[in-house]
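Asker: here is my input, please return the structure:
(chains A and B)
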Amino acid sequence: MYLYKTGIPLIDDAAGGFEAGTNILLLAPSMSCAEQLAYALVKPLPGEYTIVLSTNERTAEVIDYFRFSGIDKHFIGVIDAISKSSTPGIADTPRLMFVTSPTDLTGIGIKFSSMIESIFDGTFSEGESGLFPPPIRFCVNSISTLLMYRRLEVLYQFLHVLIAKLKKIEGIGVYVLNSESFDDRTISLIKQLTNIVIEVKVEGNDNLFRLTGIRGINADWRKFTVTKGQVAFLP
Amino acid sequence: MISTGMYGIDDMLGGGIPEGSKVLYSMEPGVDGQLFMISTLYEALAKGLSCLVILPHMTVDAFLHDAEKLRGSRMDTTGKTIVFFDAVDRERIQRYAKDRKTAAREWQGRVTKLCTENRIDIIFGYFDVMYEDFGLEQGIGLLSSIQGRNKPTIIIEHLNFEGEKTLKRFISEMAFDLVISIRASSRPLPHFHFFTVVHTSWSPQPKRSVPFIITGGRVVPYIPKIVVTGPPESGKSVFVAHASEHGLSVDRRGPSGETTTVAMDFGWLHRKDFDIMLYGTPGQPRFDPMIQVLLKHAMGVVLLIDATKGDQISRARHLIQVITELRVPIVIAANKKDLPGRMSEREIRDSLGITDDIPVFSISAQRGEDVLRVIESLVDFITQFSY
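Answerer: Okay, the predicted model is just below:
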C-alpha cells in the first residue's frame, strides 16, 4: 500500500506516513495556522498530485502558497468556489476549475471527478508525468465555509461520496474545520468521516497540535511552526 | 409533446414529454449530466416556449456562461421569453424571511408572479437547494402551485444523495411523470456514464439504462455493441460496410474463391441520435468460440441470412439458439431480396422457428437504405425491449 510521506518526522517515523485511503480532520480555531498546516500535509511529493477545494481563498493564493513551498504547479489542481461569483466568465482549465459558490455541490462533485479523470488519463499535467497509479492528496479548505452554505446532513452525504471516491483511488484527504464555530454534534458527525484527527490550538504566540488516530503516536500537545510548507516542532 | 432536446431519448419516450408533466433529471454526485437539463432548455427556447429558470445556487450570469460552455453555443434568448429566479433572489428572501414558512410564502409568491406575468410554459428548477430549504413536498409544491389552463410543465435537476429511495418518493408521493437517473459506472473512475429511464407515467416503459457520451455540446446515447452475425457468405461484411460511416474488415479469400471474415468486421455509425458500434462476426462454425466472445455484452443482434440459400437455415437456427439464450433483442435481415428464388418472410419464419415479435426484413445488403432500416428497427427494439 502506498504511504504518503508528510515531512513530519513524528508521523513518518511512527507510521511511514499516511496510509492510502486515510482521511484527516484538521480542527483548528480562527487565526491559527491551520491552513498552512493543511497545505503542508497535502503538498505533493515528486510524482504525486494534489487537488485543493478552496472555499476561502482564490486560486492564485492557493497556487502561490505551493509555489513558495517549491512545488511544481503542474501537479496542483484547484477547485475554486469563490472567484466565479465575481467573475462569471472565468474559464476552467484542466488544473484550475471554478464553481459559482460553495452552495454548488453538483458543480464541485463534477469538477472533482473531472480532475481525477484527467490525472488518470495523463492530461492534467500538460506532458509532465507523475507516478501511476497516481497518488492524489485532496484538501478541503474549508468544511466550515461549506457548512455556512449547506445543511450539515447534506454536506455529510456529499463528503461521504467524495471520501468514498478518494478511498477507491487510494488518495488521502485533509479537511479543515473551525473548532470554535460549530457545536459538538457537527464536529462529531464530521469526525465520523475521518480516521485521523489533528487538533490545533493557540496559546499566546504559539501554535500547538495534537494528533489522534495513528498507533504509536501519543496525543500530547506539541508546539509547531510551518515555514515554506515544512512543519517543524519547537521545544 | 415537448422535446428533451435529445432526440434519441425522445424516441425512447414515444416522442418527448407530454405538456404539463413533472420531470426529474436525477444526478448522482460527481456525474457530468448537467447537459440533460440544459439541452431541454435550449430546445424549449428554440421552439418558442416561455421558460422560468430557478437557480437558487448561482447567479444568472454564471448560469448563462456555464450553459454556453456546456452546450458550445450561446443561449439564444432573442425575442424569447425567459425569466430567472436566481441565488440573489433566494438570498434576499432568506435575509428578510423570519422563518421557513414566511420564506416559502415569499418563494411561492415570486414564482407565481413570474409564471402568470410571463405565461410560462416550462419551469426549469435546480432543486437540491430547494429540497434542503423546504423538503420534498413543500419544495415541489412551490413549483406546482400554478393551476388551471396554463399549468406549466415542471422539469427539475436534483443532486441525489439518497439513490433509489428518493426516486421512489418522487414517483409515488410527488406523482412525477418522468424520472431519468443519470449515473456513472461505480469503478474508481467513471469509465462510462449512463442514464436510466426509471419511470414514465404515460406509457408502460420498461426500466432502461443506456450509456451516453457528451460530444459537441450534446448528450448522445451510445450503443456500444450491436453484433451482426449469420451463416457464412450471407453478406455480413457487406452489411457492416454499408451501415458504417467508418469501419474495417479482416477478411481472407476462402476455398470457394470468395472472401470470408476470419476475425471480425467493425464499424461505427450515428443513427437515430445514437452512436453505435457494429461488430460483424465470422460465419463458419469453426469460429463459434469467437462468436460467443463477440456476442458477450451485445445490446442487440442482426442475424443475416441469404434468402436464396435454404441450406443456410440450419446454421442460422443454431445461431438464433445461441442468441436467444443471451436474451438480447434480435432482428432478422434476409439478404438478396432482389434475386430470384428467394424465400418469403413466412417461409423464413417457419424454417427458422421464430415468433412474430422478431422482425424480419427483406434487404439487399448492398443498399445503404436497407441496412440502415434494419439498424433503426434494432435501435427501437433495443430501447423498447423488455429484458
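
Asker: all contacts plus neighbour counts: C-alpha atoms, from now on.
Answerer: Will do.

Asker: quick check: end-to-end length of stretch B:47-59?
Answerer: 25 Å (CA to CA, to the nearest Å).

Asker: all helices of chain A, in order?
Answerer: Assigned by DSSP state H, the helices in chain A fall at A:9-15, A:34-42, A:59-68, A:83-86, A:105-121, A:143-149, A:152-168, A:184-191.

Asker: mean neighbour count, those helices: which tops it?
Answerer: Ranked by average neighbour count under the criterion mean count of other CA atoms under 10 Å in any protein chain shown, those are headed by helix A:34-42 at a mean of 24.

Asker: starting at the chain centroid, how far to that helix?
Answerer: 7 Å (CA atoms, centre = their mean, to the nearest Å).

Asker: likewise for stretch B:127-134?
Answerer: On CA atoms, centre = their mean, the centre of stretch B:127-134 falls 28 Å from the chain's centre.

Asker: need the residues that contact it.
Answerer: For stretch B:127-134, the external contacting residues (CA atoms under 8 Å, 6 or more residues apart in numbering or on different chains) are A:103, A:150-151, A:154, B:56-57, B:100, B:104, B:139, B:156-160.

Asker: report pLDDT for B:Ser351.
Answerer: B:Ser351 carries a pLDDT score of 93 in this model.

Asker: mind listing what the most centrally placed residue in chain A touches?
Answerer: Centroid-nearest residue in chain A, with CA atoms, centre = their mean: A:Cys139, separated by 1.6 Å. Going by CA under 8 Å, 6+ apart, A:Cys139 touches A:38-39, A:42, A:50-53, A:173-176.

Asker: and which of those is nearest chain B?
Answerer: A:Leu53 (14.0 Å; CA to the nearest CA).

Asker: what about A:Gly204, neighbour count?
Answerer: Close neighbours of A:Gly204, defined as other CA atoms under 10 Å in any protein chain shown, add up to 6.

Asker: where exactly do the helices run in the stretch 1-150 of chain B?
Answerer: B:7-12, B:34-46, B:60-71, B:87-96, B:100-118, B:128-143 (DSSP state H, counting those that start in this stretch).

Asker: give me the distance between the residue nearest to the centre of chain A and A:Asp206.
Answerer: 24 Å.

Asker: pLDDT score for the residue nearest to A:Ile108 when sequence neighbours are not counted?
Answerer: Ranked by CA to CA, 6 or more residues apart in numbering or on different chains and with sequence neighbours excluded, the top spatial neighbour of A:Ile108 is A:Val99, at 6.5 Å. We have a pLDDT of 95 for A:Val99.

Asker: next: B:Lys80.
Answerer: The model's pLDDT for B:Lys80 equals 78.

Asker: neighbours of the residue of the stretch 251-387 of chain B found nearest chain A, how many?
Answerer: Of all residues in the stretch 251-387 of chain B, the one sitting closest to chain A is B:Asp275 (22.3 Å; CA to the nearest CA). Neighbourhood size, B:Asp275 [other CA under 10 Å]: 19.

Asker: what is the subsequent helix or strand relative to the helix or strand hosting it?
Answerer: According to DSSP states H and E, B:Asp275 maps onto strand B:274-280. Toward the C-terminal end, the helix or strand that comes next after strand B:274-280 (DSSP H and E) is helix B:288-295.

Asker: turn the helices of the stretch 1-150 of chain B into JSON lines, including mean pLDDT.
Answerer: Below are the helices of the stretch 1-150 of chain B laid out as JSON lines (pLDDT from 0 to 100):
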{"stretch": "helix B:7-12", "mean pLDDT": "86"}
{"stretch": "helix B:34-46", "mean pLDDT": "95"}
{"stretch": "helix B:60-71", "mean pLDDT": "93"}
{"stretch": "helix B:87-96", "mean pLDDT": "93"}
{"stretch": "helix B:100-118", "mean pLDDT": "92"}
{"stretch": "helix B:128-143", "mean pLDDT": "92"}
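
Asker: turn the ones you listed into CSV, including mean neighbour count and distance to B:Arg349.
Answerer: Below are the helices of the stretch 1-150 of chain B laid out as CSV (neighbours: other CA atoms under 10 Å in any protein chain shown; distance: least, CA to CA, whole Å):
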stretch, mean neighbour count, distance to B:Arg349
helix B:7-12, 20, 28
helix B:34-46, 20, 41
helix B:60-71, 18, 47
helix B:87-96, 15, 62
helix B:100-118, 16, 57
helix B:128-143, 18, 52
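
Asker: right, and these - which one's nearest A:Arg58?
Answerer: Of all the helices of the stretch 1-150 of chain B, it is helix B:60-71 that lies closest to A:Arg58, at 16.9 Å by CA to CA.

Asker: so who does B:Val302 touch?
Answerer: So B:Val302 contacts B:226-229, B:330-333, B:374, B:378 (CA under 8 Å, 6+ apart).

Asker: so which of these belong to helices?
Answerer: Per DSSP H, these map to helices at B:374, B:378.

Asker: counting only strands, which of the contacts of B:Val302 make the cut?
Answerer: Judged by DSSP state E, these include B:226-229, B:330-333 as members of strands.

Asker: return the member of the residues you listed nearest to A:Phe75.
Answerer: Nearest member of the ones in strands among the contacts of B:Val302 to A:Phe75, counting by CA to CA, is B:Ile226, at 40.8 Å.
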